[in-house]
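J.: Below is the sequence, then the predicted model.
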Amino acid sequence: MDQDTIAALATAPGEGGIAIVRVSGPDAEALLSRLFAPPRNWESHRMYYGHIVYDGETLDECMAVLFRAPRSYTREDVAEIHLHGGSWAAQTVLTALYRLGARPAGPGEFTRRAFLNGRVDLSRAEAVMALISAEGGRAARAALRQLEGGVSGFVRSAQEELIALLSGAAAAIDYPEEITLEEAASDMEAGARRLADKLEAACDERGARIADQGLEAVLCGRPNVGKSSLLNALARQERAIVTDIPGTTRDIIRADVMIDGLRVHFADTAGLREGTADVIERIGVDRARQAIAGADVVLAVLNASLPLDDEDRQLLEDTKDAPRIIVLNQCDKEMVLNPADFDDPVVVSAQTGAGLRDLEKRVAAFGAGAGESALTQQRHMLLAREAASSLRAAADACARGEAVDLAVIDLQDALAALGSITGEQVDDKMIDEIFERFCVGK
Ligand SMILES: Nc1nc2c(ncn2[C@@H]2O[C@H](COP(=O)(O)OP(=O)(O)OP(=O)(O)O)[C@@H](O)[C@H]2O)c(=O)[nH]1
Ligand SMILES: [Mg+2]
């Protein structure tokens, strides 16, 4: 256990209704008693009303609570002082605490203590950070599942399967009359491949990225079909300039929209046309093509009130293998294009808003399942893949008829990689790296 007592602002700095100062360590109760008036007989987990008084001066009116070890966030004695929001009161109280011997907490230090004192495993500690920084409902849900032990549970069951494989091998080595080495090798090969498949299936990098950072949706189409108008309608604000002059948009214009808990980054691009003499427009068209290549979903926009031209046909051809939604815009006008001629199009009007909700749902469907795989954090996926590749090496060794003991070494490597996910086997440097990504006060 760390012997010093740490303190920091636990709430976000800046204006707010309340600011919470958190203190953790052996002196938490003594420090709280020094500052809190009137004197109280602190009962654990109970809020008290009073004032913070230091050096004869009343710093703020407050509510305070003491969580006695081990029933606290860090498993140490923890005091929380709820002050009026705004940074002044909290800063003066923190200064007083530091003068009385508390040390300013480093980033993530409270959660680090929770981990070191065995209250949470590493994957849950990381979930706390993921939850704090979650940008949308989907990212938050993934973090919450992790916090509730989803990752730990998954890792534990994989470890159990691995241990079963290892004990099967041990049995074959120790009792050759009960099970032949060939049988043991073929069981181990099958088991190792099965578990490697399971670990790889649990990693969905694309889904994790989409849940965490959002979905890239790119609006493209020939000039004047209404891409910028659609962007503005989806963003519910005038982001892009709209005119009836073809070639209005040159730079990529972005707008972030939340659709059913999923963050979607819409990008409006320059109208695609060949042979324009305008240098700026040509650069814009190149950028548009790059954006299309990197999109999670491409919205190929057509003007439904005009017949298809060569540029439309080229766009449909160029995007046919991409994740794509065909959007027939300007349906408020007389329709010339027949929706039945297109592959599952969405018929909309940027002007009246008709069909926009359908379009949103179709876009969000490209993020379906994002963040719902068992593992969603880069570090965890990396280790799971490492374990899977050790398992495949073990399986290959068995298939080649090599000694079972050789495969056992690979299985042990896999076990070590899995252990690093929950922190059963981690070194100090890794712990430092993980907790340094936290903010102060957590
Ligand atoms: N009636 C009607 N007019 C629309 C609709 N969408 C766009 N327009 C009009 O079409 C013209 C072009 O719209 P923009 O949104 O600038 O088209 P764009 O595709 O961004 O064009 P570029 O930036 O030049 O590539 C403007 O005059 C819009 O008001 C629609 O759904 N219905
Ligand atoms: Mg435009």
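T.: Cool, got the structure. Ligands and ions are numbered 1, 2, ... in the order given.
J.: contacts, neighbours, all on C-alpha from now
T.: Will do.
J.: Only the buried residues of the longest helix seen in the chain, if you could.
T.: Longest helix in the chain by number of residues, with DSSP state H as the criterion: helix 150-174. Neighbour-count burial for helix 150-174 flags 150-152, 155, 158-159, 161-162, 165-166, 168-173 (criterion: 16 or more other Cα atoms under 10 Å).
J.: Quick check: the gap between the nearest residue to Gly136 once chain neighbours are set aside and Arg138.
T.: Here the nearest residue to Gly136 in space, its sequence neighbours aside, is Gly261; by Cα to Cα, 6 or more residues apart in numbering that works out to 5.4 Å. Distance, Gly261 to Arg138, by Cα to Cα, to the nearest Å: 6 Å.
J.: Comparing these two, which shows the higher neighbour count?
T.: Per other Cα atoms under 10 Å, whichever of Gly261 and Arg138 has more neighbours is Arg138, with 25 against 17.
J.: Am I right that the more buried one is in a helix?
T.: Yes - counting by DSSP: H, G, I helix; E, B strand; the rest coil, Arg138 is part of a helix.
J.: my guess is it meets Gly369, correct?
T.: No - counting by Cα atoms under 8 Å, Arg138 does not reach Gly369; the two are 9.3 Å apart.
J.: Could you list the contact residues of the protein toward ligand 2?
T.: Proximity of the chain to ligand 2, by Cα under 5 Å from the ion, involves residues 228, 249.
J.: and the chain, which of its residues are near ligand 1?
T.: Within reach of ligand 1 by Cα under 6 Å from any ligand atom, the chain has these residues: 222-229, 242-249, 270-271, 329-330, 332-333, 349-351.
J.: Of the residues you listed, keep whichever come out buried.
T.: 222-229, 242, 247-249, 270-271, 329-330, 332, 349-350.
J.: Now intersect those residues with the strands, please.
T.: With DSSP state E as the criterion, strands contain Asn329 from among these.
J.: Now Phe110: closest residue in space, sequence neighbours ignored.
T.: Per Cα to Cα, 6+ apart, closest to Phe110 is Lys442, 5.4 Å.
J.: For that neighbour, give me its contacts.
T.: Shown in contact with Lys442 (Cα atoms under 8 Å, 6 or more residues apart in numbering): 10, 107-111.
J.: pLDDT check: weakest of those?
T.: Within the contacts of Lys442, pLDDT reaches its minimum at Pro107, with 85.
J.: if we can go back for a sec, against Val93, how distant is the residue nearest to Phe110?
T.: According to Cα to Cα, Lys442 and Val93 sit 18 Å apart.
J.: Lys198 sits in which helix or strand?
T.: According to DSSP states H and E, Lys198 maps onto helix 181-201.
J.: What's the mean pLDDT across that helix?
T.: 92.
J.: Off-centre distance for that helix?
T.: Here the centre of helix 181-201 is set off from its chain's centre by 31 Å, with Cα atoms, centre = their mean, to the nearest Å.
J.: got it, and stretch 259-276?
T.: From the chain centre to the centre of stretch 259-276 is a distance of 23 Å (Cα atoms, centre = their mean).
J.: Now do the buried residues in it.
T.: Neighbour-count burial for stretch 259-276 [16+ other Cα under 10 Å]: 259, 261-273.
J.: can I get the CA coordinates of it in PDB?
T.: This file holds the C-alpha atoms of stretch 259-276, laid out as PDB (Å, rounded to 0.1, in the frame of the first residue of the first chain):
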ATOM      1  CA  ILE A 259     -27.400   9.300 -34.600                       C
ATOM      2  CA  ASP A 260     -28.900   6.800 -32.100                       C
ATOM      3  CA  GLY A 261     -25.900   7.000 -29.800                       C
ATOM      4  CA  LEU A 262     -23.400   6.700 -32.700                       C
ATOM      5  CA  ARG A 263     -21.200   9.600 -33.600                       C
ATOM      6  CA  VAL A 264     -21.200  10.100 -37.400                       C
ATOM      7  CA  HIS A 265     -18.700  12.400 -39.100                       C
ATOM      8  CA  PHE A 266     -20.300  13.600 -42.300                       C
ATOM      9  CA  ALA A 267     -18.000  15.000 -44.900                       C
ATOM     10  CA  ASP A 268     -19.300  17.100 -47.800                       C
ATOM     11  CA  THR A 269     -17.100  17.100 -50.800                       C
ATOM     12  CA  ALA A 270     -16.600  18.900 -54.100                       C
ATOM     13  CA  GLY A 271     -18.900  17.900 -56.900                       C
ATOM     14  CA  LEU A 272     -17.200  15.200 -59.000                       C
ATOM     15  CA  ARG A 273     -16.700  16.300 -62.600                       C
ATOM     16  CA  GLU A 274     -13.900  15.800 -65.000                       C
ATOM     17  CA  GLY A 275     -12.100  18.300 -67.100                       C
ATOM     18  CA  THR A 276     -12.800  21.400 -65.000                       C
END
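J.: follow-up on the earlier one: can you name the two of the buried residues of stretch 259-276 that sit furthest apart?
T.: For the buried residues of stretch 259-276, the farthest-apart pair by Cα to Cα is Gly261 and Arg273; their separation is 35.3 Å.
J.: Settle this for me: Gly16 is touching Gly85, isn't it.
T.: Yes - here Gly16 reaches Gly85: they are 4.7 Å apart, a contact under Cα under 8 Å.
J.: between the two, who's got more neighbours?
T.: Remark: of Gly16 and Gly85, Gly85 carries more neighbours, 18 against 12, as counted by other Cα under 10 Å.
J.: For ligand 1, see how far away the nearest residue to that one once chain neighbours are set aside is.
T.: Counting by Cα to Cα, 6+ apart, Gly85 lies nearest to Ile18, which is 3.9 Å off, once chain neighbours are set aside. To ligand 1, Ile18 is 45 Å away according to Cα to the nearest ligand atom, to the nearest Å.
J.: count of neighbours near Ile18?
T.: The burial count for Ile18: 17, using other Cα under 10 Å.
J.: that older thread, could you tell me the angle between the longest helix of the chain and helix 181-201?
T.: Angle between the axes of helix 150-174 and helix 181-201 is 170 degrees (criterion: axes from the mean of the first three to the mean of the last three Cα atoms, to 10 degrees).
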